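K.L.:
3D model of this:
(one chain, ligands or ions: 1)
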Amino acid sequence: MEDSLVETRSDNPTHLSLTPQEIIQDYRLAYQSRQVSLVGRREVLSGKAKFGIFGDGKEVVQIALAKVFQPGDFRSGYYRDQTLMFALGETTIQEFFAQLYGHADVEAEPATAGRATTAHFATRLLNPDGSWKDQTGMRNSSADVSPTAAQMPRLVGLAYASRLYRELDDLKSFTQFSHNGMEVAFGTIGNASTAEGMFWESINAIGVLRAPAVITIYDDGYGISVPNEQQMVKHDLSLILKGFQRVPDTCDGLDVYAVKGWDYPALVETYRKAAEEARCEHVPAIVHVIELTQPQGHSTSGSQERYKSKERLEWEQEFDCLKKFREWIIRQGLVAPDVLDQMEEEDRQTVEGIRKAAWEAYLSPIQQDRREAIRLIDELGRGSTHPGELTLVSQKLRDLSAPLRRDIMVAIREALLTARDEASSAKSALIEWKSHLNAANQQRYSSHQYSQSPQSALEVPEVRPIYSPTSPLVYGFEVINACFDAALGRDPRVIAFGEDVGKLGDVNQGFKGLQAKYGELRVSDTGIREATILGQAIGMALRGLRPVAEIQYLDYILYALQILSDDLATLHWRTQGGQKAPVIVRTRGHRLVGIWHSGSMMAGIIHLLRGMHVLVPRNMTQAAGFYNTLLQADEPALVVEVLNGYRIKEQVPDNIGEFTLPLGVPEVIREGADVTIATYGACCRIVMEAAELLSKVGIQADVIDVRSLLPFDIHRLLLKSLQKTNRIVFVDEDVPGGTTAYMLQQVIEGQGGYKWLDSAPRTISGKPHRPAYGSDGDYWSKPNVEQVFETVYLLMNEADPASYPLFF
Ligand SMILES: Cc1ncc(C[n+]2csc(CCOP(=O)(O)OP(=O)(O)O)c2C)c(N)n1
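P.N.:
Numbers count the residues shown, from 1 in each chain. Predicted structure coming up:
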């Protein structure tokens, strides 16, 4: 062990200031948690639950961690944390089993209402109406995700928020979220997942930001079957982490501890020290917990005997943290072995009783539905000409020992199909029951993808921009700048950050001068670390702040796309409205120059970010309107500004800080009766030029700027245009079959536009490759005026060759 790492170990409990009762209580909780793992695995292997992953082998470290976890603190962890959650009182054993069974009821399974896999923890941060609860009175957990290490980026923001609440006077009144930044964010991660780039990016960011996070690495030597030798250089995380070690007596770096996972007193001491420094001095820490085991192997999907040696398995038995904890308690004379045996027996029974209750609670509403379905099918059979077949259907359903909801639906469909040639009141009743079940299951599994609160972005009232003869004509970047100036002045929770956002005021000057005006914590620079810029924003938003996180160019959002997709976009849905993170992601894209500054991969984005709003304003005034709307809403959104719009002049509305732009409402930017052209972003300019040329040959185009891809045209304006023109062309710079195909599906299928078509619908997109460099590269890679003109002209020629003769 290197000198600079603090190795803690102790055999003497007296200095722990814990009573024997507290220590025995800790042991019993650890023991109960182990029982949960054993019983849980049995439930999966017997077929009652689908998949099990448990925290066995990590009980003692989590008991120690829980001791320093205070109300107001946050957890960002992963699937091994059951003991921590039990010890915090934030997940009950019954709720754990409810999740194991997939009990889709928020009362029974408050973390995710049956949506997330086993051992995905979360606390409910929101009231049923979507408003924030008082976080300082609760021990909080952000909602887990399965991609390992993806819990790390949001830890950056959860911890950094404490610094902001402590150092920004204007935030002092938000006592629902913080008391002077005294909150610590606790992260947990497995040893193997530290091989992910996101882990290193996160600890670097936490160190740079001096964000009070305490990160625990549970090191059990393996990542499923792959040992540390194949996961990390030098095979020893403590050695690698040495470079992050805080320079003594400075704030530079993190405190790095190494402690054995079976050594209860040492763990208790280590966490006390680490949490105290983080809480009071905002010094982050890493606790590398070594010599951990995994008694049941990785998960229910496989057996560890296939990849662990006999020696390793023997060592794991010997160093099982529960065994060592028990031995230590007995050695200290805190309790006699036979008394402990008795307690263990009681705890085994307790856990089994809770499991049984969880199973019955899960099954009983399904059985009730089954009874009703059987009754209705039998009723149908009584008046039917197919009584035998219908009896078989209901008997099959009755025979299932543990029916699923889908079994009920399959039986109903089979019964209705059997009786398809009949009409009866019994059949109508069954059809009605089926639609009732479908609606209930829709609610059960698909609700809350977007906000259902009064702060939904769709509820923000529209305020039109006001112009007067004195409204100045300025560059686009100045419009954005005025909008952000107003937002920062209006609301102290608005915090903007990103690469070059602070001192420079972003690469296009949208924040020019605003750091000087509002300070370095309100408008700040970050490292080049897109994934953790997003994580920073998610964590801050979870703690009540209003981050505007900038990704410098749309092309680089790919680095953050995983976090956006897995974490941010799913958050509200995967907690069934229990958590929200109203992050505004600001970026700029579409055509400018070359392969990596002309990105417009909008289809990739909209398909991966369902659960967020995705907005593509064509100019900076519209972007400002969207920001004003979003800052009043409680939902996450991505705004893609037009890269080549910053140097184009626009008139600033007199109410730049107040006007709003509704989401999902396209705008007709040129009227015509011959053809509808739907587009967005930088392509609006191209299409408008083409429409001008088309009008010279007598073709009048209805040009519609879609503006908002998610949500899309909620009032069916495109359909109205199509009903007038009977022809439609979709134009954008994405790849063929990208967002143009999405728009086509929305209008032709979704809005029923196919009924109004006199010509086949067309799409015009960029090439399937990235845009080549230079103006000519742009011209032949992205849609151009001539291409739009010719496509529309051909459409008209097809319909009326005499009026529109071919000339090319
Ligand atoms: C990004 C990602 N890759 C792969 C997986 C599949 N997977 C689940 S757990 C796991 C091993 C993780 O090992 P470690 O981080 O040491 O944690 P442990 O399960 O041992 O506690 C893997 C590879 C995943 N969930 N996420």
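K.L.:
ok and the residue in the stretch 401-550 of the chain nearest the ligand?
P.N.:
residue 531 (12.3 Å; C-beta to the nearest ligand atom). Placement of C-beta: from N, CA and C, glycine included.
K.L.:
check contacts around that residue.
P.N.:
153, 197, 198, 201, 559, 560, 562, 563 (C-beta atoms under 8 Å, 6 or more residues apart in numbering).
K.L.:
One more pass at 6 Å, please.
P.N.:
Counting by C-beta atoms under 6 Å, 6 or more residues apart in numbering, residue 531 makes contact with 153, 198, 201, 559, 560, 563.
K.L.:
The second one touches residue 152, doesn't it?
P.N.:
Think residue 198. Yes: Residue 198 is within contact range of residue 152, at 5.2 Å (criterion: C-beta atoms under 6 Å).
K.L.:
Could you check which of those two is surrounded by more residues?
P.N.:
residue 152 (32 against 24; other C-beta atoms under 10 Å).
K.L.:
contacting residues for the more buried one?
P.N.:
Here residue 152 is in contact with 198, 199, 202 (criterion: C-beta under 6 Å, 6+ apart).
K.L.:
Mind checking which of those land in strands?
P.N.:
The members of those all map outside strands under DSSP state E.
K.L.:
now these in CSV, with pLDDT?
P.N.:
Below are the contacts of residue 152 laid out as CSV (pLDDT from 0 to 100):
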residue, pLDDT
198, 98
199, 98
202, 98
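K.L.:
Check those residues against residue 394 and report the nearest one.
P.N.:
residue 198 (51.9 Å; C-beta to C-beta).
K.L.:
Can you tell me the closest non-neighbouring residue to that closest one?
P.N.:
residue 149 (4.5 Å; C-beta to C-beta, 6 or more residues apart in numbering).
K.L.:
same deal with residue 712?
P.N.:
Per C-beta to C-beta, 6+ apart, closest to residue 712 is residue 746, 5.1 Å.
K.L.:
mind checking pLDDT for that neighbour?
P.N.:
What the model reports for residue 746 is a pLDDT of 98.
K.L.:
And for residue 569?
P.N.:
For residue 569, pLDDT reads 98.
K.L.:
For the remainder of this discussion, apply numbering that starts at 18.
P.N.:
Fine by me, first position is 18 from now on; the one you just mentioned is residue 586.
K.L.:
was I right about it contacting residue 631?
P.N.:
No: in terms of C-beta under 6 Å, residue 586 does not count as a neighbour of residue 631; the distance is 9.8 Å.
K.L.:
for the stretch 468-617 of the chain, what spans make up the helices?
P.N.:
Taking DSSP state H, counting those that start in this stretch, the helices of the stretch 468-617 of the chain run over residues 493-507, 531-535, 547-559, 575-580, 588-591.
K.L.:
And for the last one, what's in contact with it?
P.N.:
Residues external to helix 588-591 that are found in contact with it (C-beta under 6 Å, 6+ apart): 129, 132, 133, 465, 466, 596, 597, 598, 628.
K.L.:
Give me the contacts around the helix or strand hosting residue 293.
P.N.:
Per DSSP states H and E: residue 293 is located in helix 281-298. The contact list for helix 281-298 (C-beta under 6 Å, 6+ apart) reads 25-27, 30, 33, 77-78, 81-82, 85, 199, 201, 229, 231, 274, 276, 300, 302, 304, 342.
K.L.:
who touches the residue in the stretch 318-467 of the chain that the ligand sits nearest to in this structure?
P.N.:
The stretch 318-467 of the chain approaches the ligand most closely through residue 318 (9.4 Å), counting by C-beta to the nearest ligand atom. Neighbouring residues of residue 318 by C-beta under 6 Å, 6+ apart: there are none.
K.L.:
Can you report phi and psi for it?
P.N.:
When read as degrees, to the nearest 10, the backbone of residue 318 gives phi -80, psi -10.
K.L.:
Enumerate the residues of this protein near the ligand.
P.N.:
97, 163-165, 207-210, 235, 237, 239-241, 315 (C-beta under 6 Å from any ligand atom).
K.L.:
Present those residues as JSON lines; the columns should include secondary structure.
P.N.:
JSON lines is the format used below for those (DSSP: H, G, I helix; E, B strand; the rest coil):
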{"residue": "97", "secondary structure": "coil"}
{"residue": "163", "secondary structure": "coil"}
{"residue": "164", "secondary structure": "coil"}
{"residue": "165", "secondary structure": "coil"}
{"residue": "207", "secondary structure": "strand"}
{"residue": "208", "secondary structure": "coil"}
{"residue": "209", "secondary structure": "helix"}
{"residue": "210", "secondary structure": "helix"}
{"residue": "235", "secondary structure": "strand"}
{"residue": "237", "secondary structure": "coil"}
{"residue": "239", "secondary structure": "strand"}
{"residue": "240", "secondary structure": "strand"}
{"residue": "241", "secondary structure": "coil"}
{"residue": "315", "secondary structure": "coil"}
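K.L.:
Out of these, which comes closest to residue 452?
P.N.:
residue 163 (33.2 Å).
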